[in-house]
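*Asks:* Sharing a model that was predicted from the sequence below.
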Amino acid sequence: MGYKVAVLPGDGIGPEVTAAAETVLQKVASLAGFTVELERAEIGGSAIEASGHPFPRATEELVHRADAVLLGAVGGPRWANHPVTPEQGLLLLRESLGLFANLRPFEVFAGLESASPLKRPPSRGVIVRELLGGLYYGTPRGRGLRADRVFEAYDTSRYSVPEIERIARIGFQLAEREGVPLVSVDKANVLETSKLWRETVTRMADEYPGVSLVHRYVDAAAAELVTAPDRYRVAICENLFGDILSDLTGGLVGSLGVMASATVRQFDPDLGLYEPIHGSAPDIAGQGISNPLGAIGSVAMMLEWSFGLPDAAVALNQAVRRAVSGGVRTPDLGGQATTQDMTESVLAELEHAF
Ligand SMILES: NC(=O)c1ccc[n+]([C@@H]2O[C@H](COP(=O)([O-])OP(=O)(O)OC[C@H]3O[C@@H](n4cnc5c(N)ncnc54)[C@H](O)[C@@H]3O)[C@@H](O)[C@H]2O)c1
Ligand SMILES: CC(C)[C@H](C(=O)O)[C@@H](O)C(=O)O
Ligand SMILES: [Mg+2]
């Protein structure tokens, strides 16, 4: 078998962590007996530098020819005031691919319990973030002078019933597969979009009699994720809530650097977008000390969700966990290892995992 992967390194630590992930993917391919063709393209600030636009046409064409897309990170202070920002390039990429279910798992790896600020760290869970709706894409949005000559800015949140149904279906199916409750997070005590979200998810629950459905308001969910994270084995939420809560879970497990993600549209193997949840980390970019595990974990999700190779995904995840329990730690986890040290430990463990 052969797979085509579009690699979009982006900005800051993006190129460092994607280089690590590419090496690991090639190694898994050679051990598991498949081939990967990696082709790179620009996105974000680096694309602005090269062509004036954060999501150039050549990048769009490449991602649509690929079986999977691996992205590093975009953004940085240099482009914060550019008329079209690197972050808009990422939103255009997600929209162009039409992938709406962003799975953001969290887990405290054995040996990393002390990295968590919690006395009783969570075992594992997943935030299922809706990725193509809400405030990120709703119109009208803009800024300007009101009739009373006061300057204002505005965004609009919109969710249609089909948009809510398709993300809820992914959540119900995941909860069913795991045999755990589904937690639906909203702000239905205030927001119209959340009221529709809660009504729609509640109506769908009849189709999944084996799944118990729990509703939580997002503010209470933020507290409960800290005090009782194990109640959140599968949680679904709208775009902005998912952005915030998934970084919160990154804090719970000790570092954003280990957090992976996959964005998909269905359960069967299909095109997917794989990106660590962290950003371009301008504070440590270029030092060779970024944690590559978020990007490497995203490759494991690619093996499962785009290539349909769950055994290879398990083997890679095991290699990562063995590398961590062997003691290799980048500075975000309290150690002194470099990106390369950590990557080499995973590569060495991979030899024993197949
Ligand atoms: N998906 C993306 O491309 C993405 C995600 C989030 C933020 N951003 C962008 O990144 C830029 C910086 O944003 P920010 O500073 O708020 O968030 P960030 O995630 O880049 O960094 C937050 C903190 O986490 C640390 N960190 C993040 N990833 C790490 C890793 N792999 N290893 C070690 N430490 C890591 C950073 O050093 C920093 O201290 C902004 O332009 C923002 O818009 C992009
Ligand atoms: C950079 C930004 C557009 C992005 C988001 O908000 O989705 C990031 O924070 C993320 O979590 O992937
Ligand atoms: Mg984010």
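*Replies:* Received it, and whenever you're ready, just let me know what you need. Ligands and ions are numbered 1, 2, ... in the order given.
*Asks:* Under a three-state scheme, what state does the residue of the stretch 101-250 of the chain found nearest ligand 1 occupy?
*Replies:* Nearest residue of the stretch 101-250 of the chain to ligand 1: residue 247, at 7.6 Å (Cβ to the nearest ligand atom). Every C-beta, even on glycine, is put in place using the N, C-alpha and C of the backbone. Three-state call for residue 247 (DSSP: H, G, I helix; E, B strand; the rest coil): helix.
*Asks:* ok, now the one 3 residues further on?
*Replies:* Of the three states, residue 250 takes helix under three-state DSSP.
*Asks:* Surely it and residue 277 touch.
*Replies:* Yes: applying Cβ atoms under 8 Å as the test, residue 250 and residue 277 come out as touching, 6.4 Å apart.
*Asks:* Which of those two has more residues huddled nearby?
*Replies:* residue 277 (26 against 20; other Cβ atoms under 10 Å).
*Asks:* any chance you could read off phi and psi for that one?
*Replies:* For residue 277, the backbone dihedrals (degrees, to the nearest 10) come out as phi -80, psi -10.
*Asks:* Which of the three states applies to the residue of the stretch 51-200 of the chain found nearest ligand 2?
*Replies:* Shortest the stretch 51-200 of the chain-to-ligand 2 distance, computed as Cβ to the nearest ligand atom: residue-wise this is residue 87, at 4.1 Å. In three-state terms, and counting by three-state DSSP, residue 87 is helix.
*Asks:* how about the strands in the chain?
*Replies:* 2-10, 35-40, 68-73, 101-107, 124-130, 142-145, 151-154, 182-186, 213-217, 234-237, 262-264, 272-274 (DSSP state E).
*Asks:* CSV for those, including mean neighbour count, distance to ligand 2 and mean pLDDT?
*Replies:* Formatted as CSV, the strands of the chain follow (neighbours: other Cβ atoms under 10 Å; distance: least, Cβ to the nearest ligand atom, whole Å; pLDDT from 0 to 100):
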stretch, mean neighbour count, distance to ligand 2, mean pLDDT
strand 2-10, 22, 10, 98
strand 35-40, 14, 20, 98
strand 68-73, 28, 8, 98
strand 101-107, 23, 8, 98
strand 124-130, 25, 8, 98
strand 142-145, 9, 18, 97
strand 151-154, 9, 17, 98
strand 182-186, 27, 16, 99
strand 213-217, 17, 21, 98
strand 234-237, 28, 13, 98
strand 262-264, 24, 10, 98
strand 272-274, 27, 10, 98
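*Asks:* Which among these is found nearest to residue 243?
*Replies:* Closest to residue 243 of these is strand 124-130 (Cβ to Cβ; 6.7 Å).
*Asks:* anything in that closest one near ligand 1?
*Replies:* No: counting by Cβ under 6 Å from any ligand atom, ligand 1 has no neighbours in strand 124-130; the shortest distance is 11.9 Å.
*Asks:* what's the spacing between residue 181 and residue 234?
*Replies:* From residue 181 across to residue 234, the span is 8 Å (Cβ to Cβ, to the nearest Å).
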